[in-house]
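Dropping a prediction and its sequence here:
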Amino acid sequence: MAWTKSPQSLIDLFDKSVPSSVTVARRKMFGYPAAFANGNLFIGLHQNDFIMRLFEEDRTRFSARYGERIFEPMKGRPMREYVRLPEELLADARKRAAWIRRSLEYAEGIKPKARRKK
């Protein structure tokens, strides 16, 4: 199955949504724009989806508010800590930023990824 490119409008929205922080680094994941804190992915794009990683409590609140939106890049292979943002959050910069702050806090609290030896 071939993945499709993210629309430019979603890429532009992602670029505007990445928080400025010394812990945040941008790079690609699955060939799509992504943002990492301490080496841990916290937000990114995948095809037509804007995804983010959340604490378990936040995922529960998120699911109660927006419905089950677990990110599954390949059928049967969910990334359980990640959710797909609904249109409501894509359209509301203030609400989106609040959720992204929670996602960043989570990623910053995870032990930094060890660097691989080349």
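Nice, thanks for sending it over. Numbering: from 1, shown residues only.

hey, let's count contacts and neighbours off CA atoms from now on
Will do.

any idea how far Ser63 is from Ser103?
15 Å (CA to CA, to the nearest Å).

wait, I meant Arg61
Arg61 sits 13 Å away from Ser103, going by CA to CA.

higher neighbour count, those two?
Neighbour count, other CA atoms under 10 Å: between Arg61 and Ser103, Ser103 has more, with 22 against 12.

Mind telling me what element that one is part of?
helix 93-109 (DSSP states H and E).

same thing with Pro73?
Using DSSP H and E, Pro73 falls within strand 70-74.

Tell me which other helices or strands the helix or strand just after that strand touches.
Per DSSP H and E, the first helix or strand lying C-terminal to strand 70-74 is strand 77-84. Other helices and strands packing on strand 77-84, by 3 or more CA pairs under 8 Å, 6 or more residues apart in numbering; DSSP states H and E, are strand 49-53, helix 56-66, strand 70-74.

Next, the angle from the first one to strand 77-84.
Put plainly, it is strand 49-53. 90 degrees (axes from the mean of the first three to the mean of the last three CA atoms, to 10 degrees).

Low-confidence stretches in the chain?
Residues of the chain that meet the criterion pLDDT under 70 lie in 1, 113-118.

90 instead?
Scanning the chain with the threshold set as pLDDT under 90 gives 1-3, 20-23, 29-31, 38, 67-80, 110-118.

And the helices and strands packed on strand 77-84: which comes nearest Tyr82?
Distance to Tyr82, taken as CA to CA, is lowest for strand 49-53 among the helices and strands packed on strand 77-84, at 4.3 Å.

Name every sheet partner of the closest one and say whether each one runs parallel or antiparallel.
strand 40-46 (antiparallel), strand 77-84 (antiparallel) (DSSP bridges).

Next, format those as CSV and append distance to Lys28 and mean neighbour count.
Formatted as CSV, these follow (distance: least, CA to CA, whole Å; neighbours: other CA atoms under 10 Å):
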stretch, distance to Lys28, mean neighbour count
strand 40-46, 8, 24
strand 77-84, 16, 16
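
Tabulate these (TSV), appending distance to Arg27.
As requested, the strands paired with strand 49-53 are exported to TSV (distance: least, CA to CA, whole Å):
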stretch	distance to Arg27
strand 40-46	9
strand 77-84	18
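
Good, we can wrap up now.
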